[in-house]
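**Q** how would this look folded up:
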Amino acid sequence: MAVLAERTDTYRSSGFRRRYVLVPLLLMSALAVAALGTDAALAGRALPRLTVAGIEVGTLPASDVRARLDLEIARPWAAARVEVRGPDGLTWTTTN
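**A** Got it, this is the predicted structure:
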């Protein structure tokens with residue numbers, strides 16, 4: 001009895017399986033690297049486009065955020081003028 005076998009290279013099962021495992025693995029690795037890079041770049045800083053009470057503080061270090069908030073929040077109160085009139089006609093005005 002004679003057995004004839006023909007070799008063909010059109011069906012490669014190992015490459016087929018490898019592609020379905022390798023592509024998602026590479027995508028997850030790329031996302032992890034991007035997340036770690038962003039975390040390292042913004043360490044100790046506020047997130048981009050962050051606003052606090054309408055004041056833009058994005059990408060500032062923590063100490064600068066505090067200084068900017070102190071300055072911007074105090075500005076309307078520092079410019080305000082308060083005048084108090086007593087019942088006897090005396091007037092008191094704030095001095096800022």
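**Q** okay, now the residue lying closest to residue 51 once chain neighbours are set aside: neighbour count?
**A** Spatial nearest neighbour of residue 51, excluding adjacent residues (Cβ to Cβ, 6 or more residues apart in numbering): residue 57 at 6.8 Å. Placement of C-beta: from N, CA and C, glycine included. Other residues near residue 57 come to 20 when the count uses other Cβ atoms under 10 Å.
**Q** Wait, residue 57 touches residue 65, no?
**A** Yes. The pair residue 57 / residue 65 is scored as a contact, 4.8 Å apart, by Cβ atoms under 8 Å.
**Q** joint contacts of the two?
**A** residue 46 (Cβ atoms under 8 Å, 6 or more residues apart in numbering).
**Q** How about the contacts made by the residue nearest the centre of the chain?
**A** With distances taken as Cα atoms, centre = their mean, the residue of the chain nearest its centroid is residue 47 (3.7 Å). Counting by Cβ under 8 Å, 6+ apart, residue 47 touches 58-59.
**Q** Distance check, it against residue 58.
**A** 6 Å (Cβ to Cβ, to the nearest Å).
**Q** Over to residue 24?
**A** Counting by Cβ to Cβ - residue 24 and residue 58 are separated by 33 Å.
**Q** The two: which is more packed in?
**A** Between residue 24 and residue 58, counted using other Cβ under 10 Å, the more crowded position is residue 58 (14 against 10).
**Q** From residue 35, how far off is that one?
**A** Look at residue 58 and residue 35: by Cβ to Cβ, they are 19 Å apart.
**Q** ditto for residue 81
**A** Applying Cβ to Cβ, the value for residue 81 to residue 35 is 51 Å.
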